[in-house]
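Trainee: Whatever this is, show me its structure:
(chains A and B)
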Amino acid sequence: MHWPGGYGDKRIEELSRLLTVSFFAALFASGIRLAIPIFLAALGEIVTERGGVLNLGLEGIMLAGALAGFMATYYVEQSANASLLPLAPWVGIAAGIVAGMAMGLIMAVLAVSLHTDQVIASITLVILGQGITTYIFRQQFGSLTARITGFETLPIPLLSDIPFLGEVLFSHDIMTYLSSLILIATAYFLAQTTWGLNIRAVGEHPAAADTSGINVTVTRYVAVLIGAGLAGLGGAVLTVAQLGIFNENITAGRGWIAVALVIFARWRPGLAFAGALLFGVANALQFRIQALNLEVIPYEALLMLPYVLTILVLLRKVNKSEAPAALGTPYVKE
Amino acid sequence: MSTHSLTQPIVHMQGVVKRFPGGVLACDQVDLELYPGEILALLGENGAGKTTLMNLLYGLYQRDAGHIYLRGQPVNFRSANDAIAHGLGMVHQHFMLVPTFTVAENMVLGQPSPRGPLLENRRTVAQRIRQLSEQYGLKVDPEAEVWQLSVGQQQRVEILKALYRGAEILILDEPTAVLTPQEVDELLIILRGLADDGRSIIFISHKLQEVTSLCDRVAVLRDGRLVGTVQTAETDRHQLSRMMVGREVLLRMTKQPSAPGKVQLAVRDLHVQDNRGLPVLRGVSFEVRAGEIVGLAGVEGNGQRELEDALGGLRNVEQGQIILAGQDVTNRSPRDIFTAGLGHVPSDRYETALLADFSVADNLVLETIDQPPYTRSGLLNRTAIADNAKQLVKAFDIRPAAIDAEVGNLSGGNAQKVVLARALSHQPKLLLVAQPTRGVDIGAIEYVHQELIRYRDEGMAILLISTELDEILNLSDRILVLYEGEIMGESTADTADVETLGLMMAGTRVD
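Mentor: Next comes the predicted model:
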């Protein structure tokens, strides 16, 4: 068909530029990468919520982890000692986890010890995270554009040479590989260890746990701290392993998406990974299409994609029995 | 028994005092002795301090004064874990089982595992559970998830859990409240077997019959004080009830034969779903006539709550019809149903009937607050609201007689009187009363029962939903039994016997 000078030709041409194997390989590879920070935060939140505490403050915790990770890496890299250089990103990752746990401690004191309303306590955490990271970043770096090297890409020998799959699965930085181990470890922890059982028990029926001799307060602290540590890790991965920079509000809603993912995943670690991939690929897609500079879809619309997806995900009817029964309820001994 | 003077008590509580914040003295200088191999009943009304006393023994509360000796040694349990480690086990009234866990997971919860941080091998645990359940006739599947089990089975899991943790002293808090008569019999046999095996049991109850048939000795509590301890063999139910209440109680209501009039409520082939979308009422049909009390018996969770909700307009009817005073009210709004003539005394007083932080006066006009005389030209008429309250508080003897008191501060019995007063003040065609005496002290129970019979005699149609079989037998002219959403059969007040009702409550159809 011919439409002289028509719009149709252009569209077909654009689409054919899109649909190549290398396009999809790059799309999925970057989808996985983009999924990791959200996934880690959602995984942490699953542990926390299984313990009966609703921590909506992931956005703030991720920001704290992102800045702590960035700054720790930056200062180690800037220190003259070259032998420390390979350690720098690891210091950053550790700092991110610690910063996340520090935020988690605030949440735990408010929600577990003081029985504060958990929604309000965790929203305080978001505001605190946004405020404090902005303040520290501006105070330390001002308008300076600071960069860190962070982790290098670490293609796995042989495996990364497999066509297509090699690029998608085996050409990432170390944190991406480690995340799959963290997934397995967390799922195993919840299902097979005494502490995992205790956490699930205090989330379902704290009084039963209490009468069985489990310290509900301590167990919930642990659940909140693990969750916040993982969210902090997610933030640190974003800056240290992926972007190499820090901006104000660099997480751009990832913490909130992670909260939504937990519901989508029905509080199961494996499903959270799948859900995070969905968001990652959607996000990657919007980057790619932006880069291709297509005229048919305005890039502003593509920017919405992950957020629209969040809304769609939340439309799924959640069966109430899937949520931990004591979620969001402080435990007060009668 | 005289042998007791020779043996040392396994548990000895001496002068135990517990005061709750706010000054309530829940236990006042209580002395209690439990001997090895005996079943001791702890008898008392709701709020007499039975559960508090046992929570003190079990380490869930800390006592303010007094001593507790275990096998002669003074003990001071800081937590349930301490108590468990010393061979105590408690079966709580509300089961302390995690519904989404398997039986085996519930057993090992809070127990140290031989595999360190990893949970103990599933098969080993299951094996040990099977062994225990065979030994004591407590049959359960270790791999079943608790929510799938019946209430009776869940209770067995609770007992097994205590035994699994090596309990020699078992405390059971009102264990029969949720069971059918047959399940009660089975439980009593199991408990007797455990006592014969040398375990000591404290059996908390307010049911005289079980206490006299099961227990060796009875300790009676009233208002936090120990009234006395008697040998079961040397007492009778009348003496016990006198000790429990402080005066003689009418163990059976006397009432005139009913004179049923026209049909005020007709339920036809009613189908309703529960919150999970599963069918919970499956073709229920019955009628209630003016001047009669129809009692709906059954073990809790067989569709009573959903039937109550459907009749009150709080739950969607999938199929079938509800005709109230000649008017089809199926799937109409609660307001329409109220206008058609329903007086509702809900089973969950504080969830569906009352606003706990509102005053007695406001609660007494909740349904009609928007109508004259309480509202005129969009403004509340405080005088009319207060007048109504004064009149009802007086007529129903609501205490304290302060119309400004917050309902949440009233006792269970007085809160129930507020609900009843409000429902009756609208002169309903049909009075729907669900679990009217739950959490209500015995004096108020008598009052509520007398009121219900009085209104019946005046020609009101009353549907009584209750899990207390005694209450059903005392009040009803006709008795229906609900089991898994179906009516199992009907009997009249004169012909009803506990045996047959029990069979129906356990799912046997009797015509």
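
Trainee: Rounded mean pLDDT for the one helix or strand B:D362 maps to, please.
Mentor: Using DSSP states H and E, B:D362 sits within helix B:360-363. Taken as a whole, helix B:360-363 carries a mean pLDDT of 94.

Trainee: Work out the sheet partners of the helix or strand following that helix and label each with its direction, please.
Mentor: Next helix or strand after helix B:360-363 toward the C-terminus (DSSP H and E): strand B:375-376. With DSSP bridges as the test, strand B:375-376 is paired with strand B:379-380 (antiparallel).

Trainee: For chain A, which residues are neighbours of chain B?
Mentor: A:192-198, A:200-201, A:204-205, A:207-215, A:319-321, A:325, A:333 (Cβ under 8 Å from any Cβ of the partner chain). Any C-beta I mention is one placed from the backbone N, CA and C, and that applies to glycine too.

Trainee: one more time with 10 Å, if that's ok
Mentor: Taking Cβ under 10 Å from any Cβ of the partner chain as the measure of proximity, chain A contacts chain B at A:188-189, A:191-198, A:200-215, A:319-322, A:324-326, A:333-334.

Trainee: Return the set of buried residues in stretch A:265-273.
Mentor: By neighbour count with 16 or more other Cβ atoms under 10 Å in any protein chain shown, stretch A:265-273 contains the buried residues A:265, A:267-269, A:271-273.

Trainee: ugh, typo on my part, it should be stretch B:473-485
Mentor: Within stretch B:473-485, the residues that qualify as buried are B:473-483, B:485, counting by 16+ other Cβ under 10 Å.

Trainee: closest to B:G378 among those residues?
Mentor: The closest of these to B:G378 turns out to be B:L475 (Cβ to Cβ; 42.6 Å).

Trainee: okay, the closest residue to that closest one other than its chain neighbours: pLDDT?
Mentor: Take B:L475 and drop its neighbours on the chain: the residue closest to it by Cβ to Cβ, 6 or more residues apart in numbering or on different chains is B:I293, 5.3 Å away. Here, the pLDDT recorded for B:I293 equals 95.

Trainee: Check whether B:I293 really touches B:A493, as I assumed.
Mentor: Yes. Counting by Cβ atoms under 10 Å, B:A493 is a contact partner of B:I293 at 8.8 Å.

Trainee: Can you name the residues that contact A:G270?
Mentor: A:43, A:183-184, A:187 (Cβ atoms under 10 Å, 6 or more residues apart in numbering or on different chains).

Trainee: which residues of the chain score low on pLDDT?
Mentor: Going with chain A. A:1-15, A:17-18, A:317-321, A:334 (pLDDT under 70).

Trainee: think we crossed wires, I meant chain B
Mentor: By pLDDT under 70, the weakly predicted segments of chain B are B:1-6, B:22-23, B:46-47, B:246-253, B:276, B:511.

Trainee: hang on, the earlier thing: the residue nearest to B:L475: neighbouring residues, count only.
Mentor: Counted with other Cβ atoms under 10 Å in any protein chain shown, the neighbours of B:I293 add up to 26.

Trainee: between the buried residues of stretch B:473-485, which is nearest chain A?
Mentor: Distances from chain A to the buried residues of stretch B:473-485, taken as Cβ to the nearest Cβ, are shortest for B:G485 (19.2 Å).

Trainee: I'd assumed B:A310 was in contact with the closest one.
Mentor: No. Under the criterion of Cβ under 10 Å, B:G485 makes no contact with B:A310, lying 11.3 Å away.

Trainee: Now the common contact residues for these two.
Mentor: B:270-273, B:280-281, B:284, B:303.

Trainee: Find the pair from those with maximum spatial separation.
Mentor: B:Q273 and B:V284 (13.1 Å).

Trainee: Find residues that contact each of those two.
Mentor: Counting by Cβ under 10 Å, 6+ apart, the contacts common to B:Q273 and B:V284 are B:306, B:310, B:485.

Trainee: For the second one, pull up the helix or strand it's in.
Mentor: So the one you mean is B:A310. Going by DSSP H and E, B:A310 is in helix B:304-312.

Trainee: Who are the packing partners of that helix?
Mentor: strand B:263-273, strand B:279-289, strand B:293-297, strand B:317-324, helix B:334-340, strand B:342-345, strand B:430-434, strand B:461-465 (3 or more Cβ pairs under 10 Å, 6 or more residues apart in numbering or on different chains; DSSP states H and E).

Trainee: for it, the distance to its chain's centre please.
Mentor: 18 Å (Cα atoms, centre = their mean, to the nearest Å).

Trainee: Assign a three-state SS to the residue nearest to A:Y188 when sequence neighbours are not counted, would you?
Mentor: The shortest distance from A:Y188 to any non-neighbouring residue, by Cβ to Cβ, 6+ apart, is to A:G196 (8.0 Å). Assigned by DSSP: H, G, I helix; E, B strand; the rest coil, the conformation of A:G196 is helix.

Trainee: A:G196: how many residues sit nearby?
Mentor: A:G196: 21 neighbours (other Cβ under 10 Å).

Trainee: Quick check: it vs B:E105, distance?
Mentor: Distance of A:G196 to B:E105, given as Cβ to Cβ, to the nearest Å: 11 Å.

Trainee: Now list whatever residues contact both of the two.
Mentor: Common neighbours of A:G196 and B:E105, counting by Cβ under 10 Å, 6+ apart, are B:L119.

Trainee: and the spatially most central residue of chain A, what does it touch?
Mentor: Taking Cα atoms, centre = their mean as the criterion, A:I38 is the residue nearest the geometric centre of chain A, at 2.3 Å. By Cβ under 10 Å, 6+ apart, the contact list for A:I38 reads A:58, A:62, A:234, A:238, A:251, A:253-258, A:260-261, A:272, A:275-277, A:279-280, A:283, A:306.

Trainee: For stretch B:446-457, buried residues please.
Mentor: Buried residues in stretch B:446-457, counted by 16+ other Cβ under 10 Å: B:446-449, B:451-453, B:455-456.

Trainee: which one among the residues you listed gets closest to B:T100?
Mentor: Checking these against B:T100 by Cβ to Cβ gives B:V448 as the nearest, at 37.4 Å.

Trainee: what residues are up against the closest one?
Mentor: B:345, B:396, B:413, B:416-417, B:420, B:433, B:436-437, B:440, B:471, B:475.

Trainee: now A:I148, what's its secondary structure?
Mentor: coil.

Trainee: That one: neighbour count?
Mentor: For A:I148, the neighbour count with other Cβ under 10 Å is 24.

Trainee: what are the phi and psi angles of it?
Mentor: phi -120, psi 160 (degrees, to the nearest 10).

Trainee: Report the contact partners of the residue lying closest to it once chain neighbours are set aside.
Mentor: Counting by Cβ to Cβ, 6+ apart, A:I148 lies nearest to A:T73, which is 4.6 Å off, once chain neighbours are set aside. Counting by Cβ under 10 Å, 6+ apart, A:T73 touches A:87-93, A:95-96, A:148-151, A:236, A:239-241, A:244, A:246.
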